[in-house]
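>>> this one's structure only:
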């Protein structure tokens, strides 16, 4: 398995490729945004001792935000073995993580609101609104799937502890055995 910084660099390179592609082929900024989101919504959210996103959140947003993010993903981490198909296999794992987020950030708060304000909320309209939002921004999800595909490819084609193995993309070194 590749180190987290390797996955981060790969997602940034993919986002740059999407941006260059958008200059040639037209609008595509959402693909790039999805690839960058892949750094935070990585398949490595199932790692018990944290992943590179924890460090990014702590450095940019603070310790308490990192703890909240960590608590959000607690059940995900506890229910999946690291590297399993449900957490790492492209498309399947991406959709599973998005469904997990949807459940914890939308469904549970909505159910709590329905308990306190039962007559004012319409769950069917709420879910329809979210589905329309997701479908209108499918490029974002495809960019995230692209990031996950690269993550999975790096995991199956590299070994984190290989001392002399270098990972290259288009002839450019992506990482050596250690990341800085």
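Sure, I can see it. Since we're looking at a predicted model, the values are computed, not measured.
>>> mind listing what the residue nearest the centre of the chain touches?
Computing the C-alpha centroid of the chain and ranking residues by CA atoms, centre = their mean puts residue 41 first, at 2.0 Å. Contacts for residue 41 (CB atoms under 8 Å, 6 or more residues apart in numbering) come out as 94, 97, 98, 101, 144. No exception for glycine: its C-beta is placed from N, CA and C like everyone else's.
>>> residue contacts, the last one?
The neighbours of residue 144, taking CB under 8 Å, 6+ apart as the test, are 34, 35, 37, 38, 41, 94, 98.
>>> quick one on the thing from earlier: any idea how far the residue nearest to the centre of the chain lies from residue 68?
Look at residue 41 and residue 68: by CB to CB, to the nearest Å, they are 15 Å apart.
>>> picking up where we left off before, now for the contacts of residue 144, which pair is the farthest apart?
35 and 98 (14.9 Å; CB to CB).
>>> higher neighbour count, those two?
Per other CB atoms under 10 Å, whichever of residue 35 and residue 98 has more neighbours is residue 35, with 28 against 15.
>>> was I right to think the more buried one contacts residue 11?
Yes: look at residue 35 against residue 11 with CB atoms under 8 Å: they come within range, at 5.2 Å.
>>> pull up the overlap in contacts between these two.
residue 147.
>>> and whichever helix in the chain runs longest, what's its mean pLDDT?
Counting by DSSP state H, the longest helix found in the chain is helix 4-25. Mean pLDDT, computed over helix 4-25, is 79.
>>> ok, stretch 63-70 next?
Rounded mean pLDDT across stretch 63-70 is 87.
>>> ok, residue 126 - contacts?
106, 110 are the contacts of residue 126 under CB under 8 Å, 6+ apart.
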